[in-house]
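Trainee: I would like the atomic coordinates for the input below:
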Amino acid sequence: MAQIPIVAEHAKHAKLVLNVESVDITTEQFFRLCRDNPDFRLELTAQKEIVIMAPTGYKTGIRNAKIVRQLVDWAERDGTGVTTGTDAGSTLPNGAIRGPDASWMSREKWDALTPEQQERFVPTCPDFVLELRSPGDLLSELKTKLTEYMENGAQLGLLIDPFDRKVYVYRPDAAPECIEEPASVRCDPPLHGFNLNLTEIWA
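Mentor: As a prediction, the model looks like this:
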């Protein structure tokens, strides 16, 4: 059996990167790999590297739950789209398979997918993506991910850094905006009327 070479290991950052370029892994094979390893968060980069991430710490989980709760509550009232937490994956146009910490997709885009596509990694980029930095994350890597989302169809991206108490706002064809310790962030467009309350995140 051919061994998958390890190209980078970030023990300090609880992350392992495996080069699978020569394996020619398919989207379906990667979906099965993720399903067979539910204790890990896996992503596939456009360069055909599998990023293996350990579960986050409990406090990061609490922060993310508070963010997702707000997004879900608003999306159910608004009705114009669907939202997810960390468990949903999207296949981006560049071939990467990413799972943002929170995302929102318009109902029009969601309804255009087949039932089978909705049960797998959706073959499209969400309209809104959010990444929440955890102690094991490198800020530079998260910024690269947000840029990738923008280049692949996202209309708004938020990178929340609870340690430096900053929010980086990404929009297409614009430089990222850094906001220091905001009480809230407006998310329209594409989430018309949604303000993400961050006071609990800074606590």
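Trainee: helix or strand right after the longest helix seen in the chain?
Mentor: With secondary structure taken from DSSP state H, the chain has its longest helix at helix 58-78. Using DSSP states H and E, the helix or strand that follows helix 58-78 in sequence is strand 81-84.
Trainee: That following strand packs against which elements?
Mentor: helix 58-78, strand 102-106, helix 107-111 (3 or more C-beta pairs under 8 Å, 6 or more residues apart in numbering; DSSP states H and E). Every residue, glycine included, has its C-beta placed from N, CA and C.
Trainee: Nearest to Ala46 among those would be which one?
Mentor: Comparison of those against Ala46 by C-beta to C-beta identifies strand 102-106 as nearest, at 18.2 Å.
Trainee: now that closest one against helix 58-78, angle please.
Mentor: Strand 102-106 and helix 58-78 are oriented at 20 degrees to each other (axes from the mean of the first three to the mean of the last three C-alpha atoms, to 10 degrees).
Trainee: out of everything not next to it in sequence, what's closest to the residue nearest the centre of the chain?
Mentor: By C-alpha atoms, centre = their mean, the chain has its centre lying nearest to Pro100, at 1.1 Å. Nearest residue to Pro100, sequence neighbours excluded (C-beta to C-beta, 6 or more residues apart in numbering): Val129, at 4.2 Å.
Trainee: What about that neighbour, how many residues nearby?
Mentor: Per other C-beta atoms under 10 Å, the neighbour tally for Val129 reads 29.
Trainee: Next, the buried residues of the longest helix of the chain.
Mentor: 60, 63-64, 66-68, 70-72, 74-75 (16 or more other C-beta atoms under 10 Å).
Trainee: One more: stretch 196-203?
Mentor: Here stretch 196-203 shows 196, 198, 201 as buried, counting by 16+ other C-beta under 10 Å.
Trainee: Is it possible to get TSV of those that adds secondary structure and distance to Ala46?
Mentor: As requested, these are exported to TSV (DSSP: H, G, I helix; E, B strand; the rest coil; distance: C-beta to C-beta, whole Å):
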residue	secondary structure	distance to Ala46
Leu196	strand	28
Leu198	coil	31
Ile201	helix	30
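Trainee: quick one, strands of the chain?
Mentor: For the chain, strands defined by DSSP state E occupy the ranges 6-10, 15-19, 41-44, 49-53, 81-84, 90-91, 97-98, 102-106, 128-132, 156-161, 166-170, 177-180, 184-186, 195-197.
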